[in-house]
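Novice: pasting the sequence and the predicted model now:
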Amino acid sequence: MSKMMDEILEQPQALERTFRAERKHAEEFRRLARGKFRLIMLVARGTSDNAAVFGRYLLELTTGIPVSLAAPSLHTLYHAKLDLRDALVIGISQSGIGTDINMVLESARRHGAYTVGLTNEARSPMAAVVNDVFLVRAGRQKSVAATKTYTGQLMLFYLIAFALSDQLTLSAIGEIPGRARETLNLAGEIGGLVERYRFMRQCAVVARGLNYANAFELSLKLMETCYIVAERFSSADFLHGPIAMVEQNFPVLLFMPPGRTFKDTGRLVRRLHALGAETLAITTPDAKVPAATRVIRVPGAIPEIFTPIPYIIPGQIFAAQLAEVKGIDPDHPRSLRIVTRTV
């Protein structure tokens, strides 16, 4: 079994450790932060940047505070002087080493922001430059393709959303590790499914709303572990041009959780079916998606707001097992290392 698959299977325990270790911290941050910020800015790269996309949706939805994704080069190359008074700037990095991310955090702090780091490494440079740090308790990441640290970062965003709003409760957040554990039972089913995609060289990954970040994350996993050209889209944007590339048997992977986005994505599946596309939907146990070519059903009745972690796990398993079917070692993707430094 690959290290990537090992770390996928570790996620329920890692999520539980993260929640238990940081819940009191979230309560303390709640007392400090409520009503203090008029803007939130998130800064990250790679998989952590995908976690930031989720953070933007979750924090805007639950707090009503505008959230932006930082452009690091504005700070590192153009040396822009932003007015960040009353702003919360959150850096996200598995290693906490990313040079440009830490430069942005330092710049933001100089310009009046309160800075927070989300990292898996307590002794990292990021932890030293921010006002406060929330730790992912995933243990050492051995796989180049991040899985347990991605879901750990999403867990921390739930805790920060709890701290900044009245929309989430700690008891509800605490149910996430159990939901992740149930989802791991899909591994055998997915293992039987990936053979169908052995020769897939390109695809689109589609989602909307809270799971939009997962479209980015699954496409990244397919690119780095399976060498597939995987483009990611919202279901709305897909209709504004990219659907023109769909032809007979073109593969489209879709996240279809319950809630506000389900009908919209269902309409897209039906249109893709009419075009002859190959569609693989990740959805609920009772969802009716007859137009989908194949379906992966995530167990349990999960409220939409809590679907992103259990819904990405089938995607992670799919990528890890597809790499092995293709004869690719997902632990040693060409041209990549665990830590990438950019400025």
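Specialist: Ah, there it is. Please read these numbers as outputs of a predicted model, since none were measured by experiment.
Novice: ok, residue 62 touching residue 163?
Specialist: No. Residue 62 is beyond contact range of residue 163, at 10.2 Å (criterion: C-beta atoms under 8 Å). Every residue, glycine included, has its C-beta placed from N, CA and C.
Novice: nearest residue to residue 18 other than its sequence neighbours?
Specialist: Nearest residue to residue 18 in three dimensions, chain neighbours excluded: residue 137, at 4.5 Å (C-beta to C-beta, 6 or more residues apart in numbering).
Novice: check the gap between the one you found and residue 94 for me.
Specialist: Separation of residue 137 from residue 94 (C-beta to C-beta, to the nearest Å): 13 Å.
Novice: which residues are in contact with both of these two?
Specialist: Listed as contacting both residue 137 and residue 94 by C-beta atoms under 8 Å, 6 or more residues apart in numbering are residue 120.
Novice: the more surrounded of the two?
Specialist: Using other C-beta atoms under 10 Å as the criterion, residue 137 and residue 94 rank with residue 94 on top: 28 against 20.
Novice: how far away is the more buried one from residue 54?
Specialist: Residue 94 sits 15 Å away from residue 54, taking C-beta to C-beta as the criterion.
Novice: how about the helices in the chain?
Specialist: Per DSSP state H, the chain carries helices over the ranges 3-9, 11-33, 46-63, 72-76, 99-110, 125-129, 148-164, 170-173, 176-183, 187-193, 212-226, 235-238, 262-274, 308-325.
Novice: now the ones you listed in CSV, with mean neighbour count and distance to residue 87?
Specialist: Listed next are these as CSV, based on neighbours: other C-beta atoms under 10 Å; distance: least, C-beta to C-beta, whole Å:
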stretch, mean neighbour count, distance to residue 87
helix 3-9, 21, 34
helix 11-33, 18, 12
helix 46-63, 22, 13
helix 72-76, 18, 13
helix 99-110, 21, 7
helix 125-129, 19, 16
helix 148-164, 26, 13
helix 170-173, 14, 25
helix 176-183, 20, 28
helix 187-193, 15, 42
helix 212-226, 25, 22
helix 235-238, 19, 28
helix 262-274, 17, 32
helix 308-325, 25, 25
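Novice: worst mean pLDDT among those helices?
Specialist: Ranked by mean pLDDT, the helices of the chain end with helix 72-76 at the bottom, a mean of 86.
Novice: residues touching that one, excluding its own?
Specialist: Helix 72-76 is contacted by residues 43, 45, 80, 82, 100-101, 103-104, 107-108, 342-343 when judged by C-beta under 8 Å, 6+ apart.
Novice: can you list these in TSV and add distance to residue 244?
Specialist: As requested, the contacts of helix 72-76 are exported to TSV (distance: C-beta to C-beta, whole Å):
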residue	distance to residue 244
43	34
45	31
80	37
82	38
100	35
101	36
103	40
104	37
107	41
108	40
342	33
343	37
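Novice: closest one of those to residue 202?
Specialist: residue 45 (24.2 Å; C-beta to C-beta).
Novice: not counting sequence-adjacent ones, nearest residue to that closest one?
Specialist: residue 98 (5.8 Å).
Novice: for the one you found, phi and psi?
Specialist: The phi and psi values for residue 98, taken as degrees, to the nearest 10, are phi -50, psi 120.
Novice: can you get me a residue count around it?
Specialist: There are 29 residues near residue 98, going by other C-beta under 10 Å.
Novice: contacting residues for residue 125?
Specialist: Contacts of residue 125 by C-beta under 8 Å, 6+ apart are 96-97, 102.
Novice: circling back: am I right that the residue nearest to residue 45 is in contact with residue 49?
Specialist: No. Using C-beta under 8 Å as the test, residue 98 is too far from residue 49 to be in contact (10.3 Å).
Novice: the residue nearest the centre of the chain and residue 156, how far apart?
Specialist: The centroid of the chain falls nearest to residue 51 when counting by C-alpha atoms, centre = their mean (4.0 Å). As judged by C-beta to C-beta, residue 51 and residue 156 stand 9 Å apart.
Novice: shared neighbours, these two?
Specialist: Joint contacts of residue 51 and residue 156 (C-beta under 8 Å, 6+ apart) are residue 118.
Novice: chain center to stretch 263-277, what's the gap?
Specialist: Relative to its chain's centre, stretch 263-277 lies at 24 Å (C-alpha atoms, centre = their mean, to the nearest Å).
Novice: what of stretch 160-177?
Specialist: Relative to the centre of its chain, stretch 160-177 is centred 17 Å away, using C-alpha atoms, centre = their mean.
Novice: endpoint to endpoint, it covers what distance?
Specialist: 17 Å (C-alpha to C-alpha, to the nearest Å).
Novice: returning to that earlier point: of the contacts of residue 125, which is the nearest to residue 309?
Specialist: For the contacts of residue 125, the nearest to residue 309 is residue 96 (21.6 Å; C-beta to C-beta).
Novice: pretty sure the closest one contacts residue 129?
Specialist: No. Using C-beta under 8 Å, residue 96 makes no contact with residue 129, being 9.3 Å away.
Novice: so what sits against both of those two?
Specialist: 102, 117.
Novice: next up, the contacts around the closest residue to residue 14 other than its chain neighbours.
Specialist: Spatially, and ignoring its direct neighbours in sequence, residue 14 is nearest to residue 138 (4.2 Å; C-beta to C-beta, 6+ apart). Contacts for residue 138 (C-beta under 8 Å, 6+ apart) come out as 7, 10, 14, 17-18, 120, 148-149, 152.
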